[in-house]
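# One predicted model, sequence on top.
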Amino acid sequence: MTNTETIGLTDLFASRRYFKKFETITSHLGRVAGVMEAEGDLNRDEVNILTRYITELTFTFRALSQKYLLVGRDTGRFFGSLAIDAIESGFPAAEEIITMASDAQQAERHLAGMPSADELKKQMVEVIISERTPPTKLQFALSQRLYYEELLRGDLFWPRNDPQIVWTGNISEQRRTFRLHWAVYDSQVNLPIVYMMELEDTGSTALPKDQRRWPEAQAHLMAQALGGLKLVTIATGFDEDFGDLHPKRLRRFHLGPMYSSAFTKQSGPISQVLETARAPEGQDWALVWTEEDLRSERVMTERAGWFSSVEREVFALDPFAGRGAETGTTRMERSIVLPQRPFQALEEMNPPGFASVRKFVVSPAGRVLRY
């Protein structure tokens with residue numbers, strides 16, 4: 001079990017600072033992906049996929065910030081507070097994203113029963129002039145309207161973001177190549193996790209047009225999209241279940257945890273670095289970005305019945321220190337994204353285990369530099 005502890009942000013200003021911090025962080029992640037592209041770690045299509053999920057995360061946080069805009073104020077009804085995982089991930093608890101997905105199903109109905117934004121603003125002015133009191137209840141009604149409007153716009157990061165597929169070329173008439181991508185908000189670790197798979201398709205009908213295999217492949221991948229499963233387990237299971245789909249590469253990107261002295265209680269070197277840095281508000285954070293990568297090394301041919309055979313992938317596992325079998329990957333790379341002040345503290349403290357971690361340092365002007 002992961003050591004998660006959910007706390008509620010009940011203070012209005014703490015809640016707003018939290019969302020502002022995430023807005024800052026997600027605005028830098030696209031630039032981090034751009035630096036990775038410049039260094040040859042990602043290609044343009046992969047950057048576009050990651051940037052799209054990061055943008056959806058940004059919209060998700062924007063919607064949640066509207067929902068909890070009046071947290072801690074007397075709104076005339078008990079509304080609760082934003083639940084965040086303060087021990088492990090620093091991100092909102094998965095229940096928040098699940099509730100948001102449920103709210104989105106009923107957004108149109110809620111909006112139909114609400115006054116328009118202009119009408120609510122007009123009523124607020126009347127209350128301020130006539131009663132000379134803050135129109136908190138009307139502000140709350142407006143915040144909920146804006147929340148449902150954000151949900152209706154879509155392009156949000158949902159608990160499940162089903163696989164999408166892009167054709168990437170033909171090796172031969174009977175062997176097509178595709179890139180698949182999908183994502184989940186993993187409820188075990190309260191983190192957004194993005195998957196990419198490169199595969200070869202030797203079926204008689206191209207996979208996206210195959211009315212039997214494509215729904216089956218999507219369902220299979222979503223059922224296996226669990227952070228606790230090793231990539232080699234996911235890829236091998238897929239390879240064995242689909243005789244004419246051949247996974248050549250599978251990657252998983254963990255976008256987090258996020259560390260911040262102001263909001264999280266995480267232990268370990270990064271927490272100590274942030275405490276030592278004493279960075280000003282808005283620069284007191286660090287985000288870990290982990291990429292797991294599994295590649296097919298070669299192909300074996302197995303008999304399948306009396307007269308046919310099937311290809312099976314043999315995946316390359318990291319040979320160093322026996323970690324491949326332990327991690328289920330060909331390669332695993334950890335990166336950390338952080339502002340300059342915490343980076344300087346990290347360099348001075350030089351905690352063990354960080355020499356091999358890539359550092360992406362954000363300047364006050366927003367530039368991202370790799371160290």
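Sure thing, it's come through.
# for the stretch 251-371 of the chain, which spans come out with low pLDDT?
Low-confidence segments of the stretch 251-371 of the chain, defined by pLDDT under 70: 320-325.
# and with 80 instead?
Along the stretch 251-371 of the chain, the model assigns pLDDT under 80 to residues 266-267, 303-308, 318-325.
# which parts of stretch 10-30 are buried?
By neighbour count with 16 or more other C-beta atoms under 10 Å, stretch 10-30 contains the buried residues 15, 17, 18, 19, 21, 22, 25, 26, 28, 29, 30. Placement of C-beta: from N, CA and C, glycine included.
# all strands for the stretch 201-350 of the chain, in order.
245-259, 286-303, 309-316, 331-339 (DSSP state E, counting those that start in this stretch).
# Packing partners of the longest helix belonging to the chain?
In the chain, taking DSSP state H as the definition, the longest helix is helix 12-38. Using 3 or more C-beta pairs under 8 Å, 6 or more residues apart in numbering; DSSP states H and E, the elements in contact with helix 12-38 are helix 44-67, strand 82-85, strand 245-259, strand 286-303, strand 331-339, strand 358-362, strand 368-370.
# Out of these, which is closest to residue 158?
helix 44-67 (8.2 Å; C-beta to C-beta).
# pLDDT of that closest one, averaged?
Rounded to a whole number, the mean pLDDT of helix 44-67 is 97.
# Am I right that residue 101 is in contact with residue 157?
No: using C-beta atoms under 8 Å, residue 101 is not in contact with residue 157; the gap is 9.9 Å.
# and those two? which has more neighbours close in?
Neighbours per residue (other C-beta atoms under 10 Å) separate residue 101 from residue 157, with residue 157 holding more: 25 against 16.
# Which residue ranges make up each domain of the chain?
6-153, 160-370 (automatic domain parsing).
# Let me know the secondary structure of residue 122.
At residue 122, secondary structure determined by DSSP: H, G, I helix; E, B strand; the rest coil is helix.
# Name the nearest residue to the spatially most central residue of the chain, ignoring sequence neighbours.
The centre of the chain sits closest to residue 192, judged by C-alpha atoms, centre = their mean, with a distance of 2.7 Å. For residue 192, ignoring the flanking residues on the chain, the nearest one in space by C-beta to C-beta, 6 or more residues apart in numbering is residue 255 at 4.8 Å.
# Just grab the bridge partners of that neighbour for me.
residue 289 (DSSP bridges).
# Could you measure from it over to residue 85?
14 Å (C-beta to C-beta, to the nearest Å).
# And for residue 7?
8 Å.
# of these two, who's got more company?
Taking neighbours as other C-beta under 10 Å, residue 7 and residue 85 compare with residue 85 leading, 26 against 16.
# who touches the closest residue to that one other than its chain neighbours in this structure?
Nearest residue to residue 85 in three dimensions, chain neighbours excluded: residue 190, at 3.9 Å (C-beta to C-beta, 6+ apart). Shown in contact with residue 190 (C-beta atoms under 8 Å, 6 or more residues apart in numbering): 4, 85, 88, 89, 91, 92, 93, 94.
# ok, how many other residues are close to residue 106?
11.
# what about it, distance to residue 348?
With C-beta to C-beta as the criterion, residue 106 and residue 348 are 52 Å apart.
# do residue 357 as well
16 Å.
# between these two, who's got more neighbours?
Here residue 357 and residue 348 are compared on neighbour count by other C-beta under 10 Å; more neighbours surround residue 357, at 14 against 10.
# Where does residue 351 sit: helix, strand or coil?
Per three-state DSSP, residue 351 ends up coil.
# what's the closest non-adjacent residue to it?
residue 269 is the one closest to residue 351 (C-beta to C-beta, 6+ apart), at 3.7 Å.
# For the one you found, give me its contacts.
With C-beta under 8 Å, 6+ apart, residue 269 has these contacts: 349, 351, 352, 353, 354.
# picking that back up, got the phi and psi for the residue nearest to residue 85?
phi 50, psi 50 (degrees, to the nearest 10).
# Could you do the one 3 residues further on as well?
For residue 193, the backbone dihedrals are phi -130, psi 130 (criterion: degrees, to the nearest 10).
# Next, the contact list for the closest residue to it other than its chain neighbours, please.
Leaving aside its chain neighbours, residue 193 sits nearest to residue 186 (5.1 Å; criterion: C-beta to C-beta, 6+ apart). Residues counted as contacts of residue 186 (C-beta under 8 Å, 6+ apart) are 94, 192, 193, 225, 226, 227.
# With residue 224 instead?
233, 234, 237, 238 are the contacts of residue 224 under C-beta under 8 Å, 6+ apart.
# residues touching the first one, list them.
What it means is residue 233. Taking C-beta under 8 Å, 6+ apart as the test, what residue 233 contacts is 224, 328.
# Find the pair from the buried residues of stretch 10-30 with maximum spatial separation.
Top of the distance list for the buried residues of stretch 10-30 (C-beta to C-beta): 15 and 30, 24.7 Å.
# Buried residues, stretch 103-123. List them.
So, applying 16+ other C-beta under 10 Å, buried residues of stretch 103-123: 103, 104, 107, 110, 120, 123.
# Which of those residues sits closest to residue 167?
Distances from residue 167 to those, taken by C-beta to C-beta, are shortest for residue 104, at 30.1 Å.
# Settle this for me: the closest one is touching residue 157, isn't it.
No: if you go by C-beta under 8 Å, residue 104 and residue 157 don't touch, sitting 11.7 Å apart.
# how much space between residue 357 and residue 195?
22 Å.
# rewinding a little: any idea which of the contacts of residue 190 is the one closest to residue 54?
For the contacts of residue 190, the closest approach to residue 54 (C-beta to C-beta) belongs to residue 91, at 13.3 Å.
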